[in-house]
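> What shape does this take:
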Amino acid sequence: AEYMGLPVRYTRHNPVIIIIMAEIANRNVEDALRETELLRTYELLNYDEINALIIKRQGFEYKLQRKKKLKSDYLQYIEYLNSLLKIIHIRRKNMKYFEHEEEIEYSIVGRIHSLFIGVCVRYSSDISLWLTRIDFCLAWRKTIQLGKTLTAMLQIFANKPWVWILAGKHQFETIGSTDGARRLFLRGLSFHPTNREIWIEYFRMELLYAEKLRNRYEIVDEKQLQSADDETKLILNGKLSYLVYRESIINRPDDVEFHINLLEISALFDFTEDLQAEIAGNLYNKYSTSELAIVAIATLSIWKENQILLSMKLDDIEKEYEIIQLELECLINLDVCLIQHSTSIMYQCYSQFLWKRIINRDINYSIQQLYKVAMDFYMKCYELSMLTPLICEQWVEITRLFGSKSDEIESLIPSVSTFPDSLPLNISYLNWMIENRPTDMEIIKNIINQALDNIDINIDSYRFLELAIEWSIRCFSHDDIEFLFQRGLKLKPILEPIGLLYLSWCKNYKSQDHMWNVYKTYLKQFDVNNHILFYKALDLDCEFSCPKLSIIRSYFESLVTRGHKSNTDVDLWVRYIAFENKVGDITRTQSVHWRALQTLKDSAKELFIQRFLLLQVNAV
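Coordinates of the predicted model:
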């Protein structure tokens with residue numbers, strides 16, 4: 001039973017059960033003998049690899065015959081077969097042999113599908129399993145299996161809107177069934193009548209369907225388009241999207257961003273002028289005081305850019321001219337809006353428009369004119385005290401990418417002085433000073449201290465402190481660096497990464513004793529859960545010629561005897577054994593191994609034995 005991968009506990013059961021399980025497992029292995037024989041015949045795998053493949057499959061099949069089937073057993077089998085497919089693909093490519101794919105690869109793919117079905121039935125509530133199955137279907141272009149998977153998902157996860165969207169897009173984009181997609185979207189809306197994403201995707205699908213029909217008529221016979229019946233003309237002009245829009249605003253009556261999204265989508269098509277006018281009119285009438293609605297209407301013409309770029313009638317120079325005119329038209333409209341509604345939100349929308357137009361360029365032409373408009377706008381914001389953290393970040397980013405060094409510092413100084421608690425601005429300011437004025441050490445030191453006093457400490461703050469420490473190592477004395485590290489250790493959200501950096505610095509610039517003293521004094525009290533800081537100190541100590549064996553053993557002993565996770569922490573025991581192995585003390589290694597088996601819970605012993613065996617194999 002042990003040899004065949006059967007758990008020892010099954011030997012206490014009726015031998016007949018074991019025989020039946022063995023027959024089922026062997027039958028499943030025998031079903032794969034055809035593909036295995038082909039792999040050997042065409043030298044995609046050698047004789048030893050074939051034997052290893054059969055034994056491995058037997059082990060997996062026996063695990064799947066257990067009364068209690070584990071999710072990990074299915075996933076490990078799937079991962080193994082997936083790795084086998086990758087190896088076969090690489091060897092086919094090297095050998096330039098592409099015959100018998102149906103008998104080899106697709107047979108294995110079918111087995112993986114059956115495993116996915118089994119694990120999804122048993123653990124149907126685990127959404128990650130379904131997503132993994134969908135990814136596999138997409139990778140192997142298994143359209144039918146993907147459709148079955150999505151159908152099963154809809155029965156289980158009908159309360160998740162994104163599943164309806166995924167199924168609808170599969171019907172429309174992959175299957176090419178507009179009616180099927182429409183039924184799924186409508187069915188999804190019956191469960192989620194106010195869901196924004198489903199309405200948007202349904203609206204987009206109807207517009208894409210109308211565009212597809214128009215393109216088909218234009219390719220086949222343009223005269224047939226003009227002579228089409230009234231119902232066909234309504235569909236070709238996107239009237240179905242009218243119905244979707246009108247129904248959607250009934251279910252979402254007070255959502256201005258939803259209206260704007262629909263307006264932006266409709267602006268991507270060249271046959272929706274009437275629809276755009278209706279949406280813009282509703283926006284203006286219902287949300288005349290909303291800055292978002294005003295800006296959306298003012299910048300509506302920029303959405304024609306995509307149509308201009310795809311136009312076959314214009315050359316590159318004409319396209320460039322047309323897009324510049326669209327930008328100028330939007331800027332004029334926005335200037336008028338700023339005069340009428342001089343609010344911080346309006347200034348932020350103006351900045352967002354400039355930032356998108358400058359950063360996300362679709363064509364290569366000079367942006368100097370737009371850059372000058374942006375600089376004038378940002379200085380105006382500063383003078384009128386209309387700056388926000390987002391506006392400042394966009395200002396700094398634009399000057400960094402397209403301006404001079406003086407432009408960048410002219411944007412950084414007022415931005416940081418206005419928002420001293422902004423982490424991205426402080427990082428940009430410190431980085432600029434280090435790169436361009438590294439000799440101004442007092443100024444940089446003040447920047448670091450003021451930033452640490454003002455910024456809100458979170459995990460992202462580590463990037464600022466890391467940058468400050470890297471510069472300090474090059475310029476400051478060891479005492480100043482120690483002070484900076486100890487200040488960083490007071491910031492709990494970033495204590496662990498700072499501690500790791502502190503230990504590395506001690507190893508490189510101080511001494512072995514100093515490193516352990518830092519761990520004992522400052523880090524040990526915080527290293528009670530995953531012992532990452534202790535493991536880091538252990539790895540660094542092993543790089544010295546004479547490791548501190550007594551100190552390391554004392555810490556290990558305190559963790560395995562008094563640690564609150566010593567009966568479940570497999571990694572701790574394995575690291576202890578690995579350390580004693582490296583030292584070469586066989587007696588201590590055996591003692592630690594015996595103590596681990598006595599201490600660990602039954603649920604952790606199997607993993608410990610696997611890790612221990614791998615450790616022994618690596619040592620050999």
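> Just the element for G118, please.
Using DSSP states H and E, G118 maps to helix 105-122.
> buried residues in stretch 235-253?
Across stretch 235-253, burial judged by 16 or more other C-beta atoms under 10 Å covers 235-242, 244-245, 248-249, 252. Using the backbone N, CA and C atoms, a C-beta is placed for each residue, glycine as well.
> which secondary structure elements does the one helix or strand F483 maps to contact?
Per DSSP H and E, F483 falls inside helix 478-489. The helices and strands touching helix 478-489, judged by 3 or more C-beta pairs under 8 Å, 6 or more residues apart in numbering; DSSP states H and E, are helix 462-475, helix 495-509.
> you'd agree C349 is up against I297?
No: counting by C-beta atoms under 8 Å, C349 sits too far from I297 to count as a contact (11.6 Å).
> Low-confidence stretches in this structure?
Scanning the chain with the threshold set as pLDDT under 70 gives 1-22, 220-229, 310, 312, 361-366, 528-530, 563-564, 617-620.
> on that earlier part again, check the buried residues of stretch 235-253 and tell me the two furthest apart.
Put simply, by C-beta to C-beta the two of those set farthest apart are L236 and R252, 27.2 Å from each other.
> ok, back up a step: now for the helices and strands packed on helix 478-489, which one comes closest to R437?
helix 462-475 (11.5 Å).
> What are the buried residues along the closest one?
With burial defined by 16+ other C-beta under 10 Å, the residues of helix 462-475 counted as buried are Y462, F464, L465, E466, L467, A468, I469, W471, S472.
> closest to Q171 among those?
Ranked by distance to Q171 (C-beta to C-beta), the buried residues of helix 462-475 are led by Y462 at 45.6 Å.
> Spatially, what comes nearest to the closest one if we skip its sequence neighbours?
I494 (4.3 Å; C-beta to C-beta, 6 or more residues apart in numbering).
> With L263 instead?
I279 (4.6 Å).
> who's in contact with that neighbour?
The contact partners of I279, by C-beta atoms under 8 Å, 6 or more residues apart in numbering, come to Y245, H259, L262, L263, S266.
> please redo it, this time with the cut-off set to 10 Å
242, 245, 249, 259-260, 262-267, 272, 296-297, 300 (C-beta atoms under 10 Å, 6 or more residues apart in numbering).
> same thing with N215?
Counting by C-beta under 10 Å, 6+ apart, N215 has no contacts.
> before we move on, what about I447?
V416, N426, Y429, L430, W432, M433, I434, D440, A468 are the contacts of I447 under C-beta under 10 Å, 6+ apart.
> which one of the helices and strands packed on helix 478-489 lies closest to T36?
Between those, helix 495-509 lies closest to T36; by C-beta to C-beta that is 47.7 Å.
> Now for D407, how many residues are close by?
17 (other C-beta atoms under 10 Å).
> Next, count neighbours for L207.
Close neighbours of L207, defined as other C-beta under 10 Å, add up to 21.
> Could you do E482 as well?
Using other C-beta under 10 Å, E482 has 17 other residues around it.
> I'd like the distance from the helix holding G118 to the chain centre, please.
Centroid displacement of helix 105-122 relative to its chain, using C-alpha atoms, centre = their mean, to the nearest Å, is 26 Å.
> So which elements touch the helix or strand that comes right after that helix?
Using DSSP H and E, the helix or strand that follows helix 105-122 in sequence is helix 127-139. Packing contacts for helix 127-139, counted by 3 or more C-beta pairs under 10 Å, 6 or more residues apart in numbering; DSSP states H and E, involve helix 71-95, helix 105-122, helix 143-156, helix 161-169.
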